[in-house]
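Visitor: Here's my sequence, what's the structure:
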Amino acid sequence: MDKYYIYGVNFKDNGKIYNFKSKIRCPINVTVITETEKGLQFGKVISFINNDNIKNIDELKDIIRISTKKDYEEHLKNLRDANQALKQCREIVKELNLDMKMINASFTFDRKQLIFNFLADERIDFRELARRLASIYRTRIELRQIGARDKAREVGGVGICGEKICCANFLNHIDSVSMNMAKNQGLALNPSKINGLCGRLLCCLTYEDEEYLRCSEGMPSLGETVTTEYGEGQVVNVDTLNRTYKVLVNNEKVEISLGDKSESIK
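Guide: A predicted model of the protein is given here:
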């Protein structure tokens, strides 16, 4: 059986990381030419993957070679041409009066495919647009509708924390975010407070959700009626991380502690 090294590769800064196999050793941060379903792609090695964690290695696509200076120059040319294609596409979209916003464009390294990402509120009939683009660039055209989160990643910006938004900074994969995460953390369900630049729930709500769920074990809900050593009362305040809550008993607030979370929760 052939000996393979497995590497994580991305095709743009902070983009999704894909696993590839290689018969050659590749240093971290080196650029490579890879085989993909869309054709050859120019990418960067981000990480080394332990083979023990990968099943069906033979199904992974190959790293063809470490890129050369000529490859890099070709990659830069593809970036310039893709930017020009994006401008051309926007002009055609305007001419055809299509209700879609073009976000970016990219060539595969071998230029066998030209991919456009766009935003639209509804499904768009872009057959005429694809036909005209194909006649200009003489390659396969793919028009891909993306979501608001993907747009935020592409455009970038500064979040309410004052830092560069996570999806454009370091997130390689955007997890599902639910309203329950905001509720678990006791946040005010105000869209201006819990929504990001994309208009969707903040990705950072996922960061501490597991810890809040862990600390909430055995804790009562706000408004719940509970029985304490001081009598029966209603829960008027809950501090999940400190595992304490306050109960209104006979018009007085009594604080109840469930103990240190590391000791209380197994």
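
Visitor: now the closest residue to Cys166 other than its chain neighbours: how far from Gln145?
Guide: Nearest non-adjacent residue to Cys166, counting by C-beta to C-beta, 6 or more residues apart in numbering: Cys203, 5.1 Å away. Any C-beta I mention is one placed from the backbone N, CA and C, and that applies to glycine too. Distance of Cys203 to Gln145, given as C-beta to C-beta, to the nearest Å: 21 Å.

Visitor: got it, and Asn78?
Guide: According to C-beta to C-beta, Asn78 stands 23 Å off from Gln145.

Visitor: swap in Val254?
Guide: To Gln145, Val254 is 55 Å away according to C-beta to C-beta.

Visitor: Secondary structure element holding the residue nearest to the spatial centre of the chain?
Guide: Taking C-alpha atoms, centre = their mean, the centroid of the chain lies closest to Ile174, which sits 2.4 Å from it. Per DSSP states H and E: Ile174 is located in neither a helix nor a strand.

Visitor: quick one: contacts for the closest residue in space to it that isn't next to it in sequence?
Guide: In space, and not counting its chain neighbours, Ile174 is closest to Arg149: 5.4 Å by C-beta to C-beta, 6+ apart. Taking C-beta atoms under 8 Å, 6 or more residues apart in numbering, we find Arg149 in contact with 167, 174, 198, 200, 203.

Visitor: what bits of the stretch 151-266 of the chain have low per-residue confidence?
Guide: For the stretch 151-266 of the chain, applying pLDDT under 70 flags the ranges 172, 260-266.

Visitor: what about 50?
Guide: In the predicted model of the stretch 151-266 of the chain, residues 262-266 satisfy pLDDT under 50.

Visitor: for the stretch 1-150 of the chain, same thing?
Guide: 1.

Visitor: can you map out the helices along it?
Guide: 69-96, 127-137, 148-155 (DSSP state H, counting those that start in this stretch).

Visitor: want to throw the ones you listed into a markdown table with distance to Asn19?
Guide: Putting these into a markdown table (distance: least, C-beta to C-beta, whole Å) gives the following:
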| stretch | distance to Asn19 |
| --- | --- |
| helix 69-96 | 21 |
| helix 127-137 | 30 |
| helix 148-155 | 21 |
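
Visitor: how much space is there between Tyr18 and Ile46?
Guide: 10 Å.

Visitor: what do the two both touch?
Guide: Residues touching both Tyr18 and Ile46 (C-beta under 8 Å, 6+ apart) are 8-10.

Visitor: Give me the longest strand you can find in this structure.
Guide: Ranked by residue count, the top strand of the chain under DSSP state E comes out as strand 39-49.
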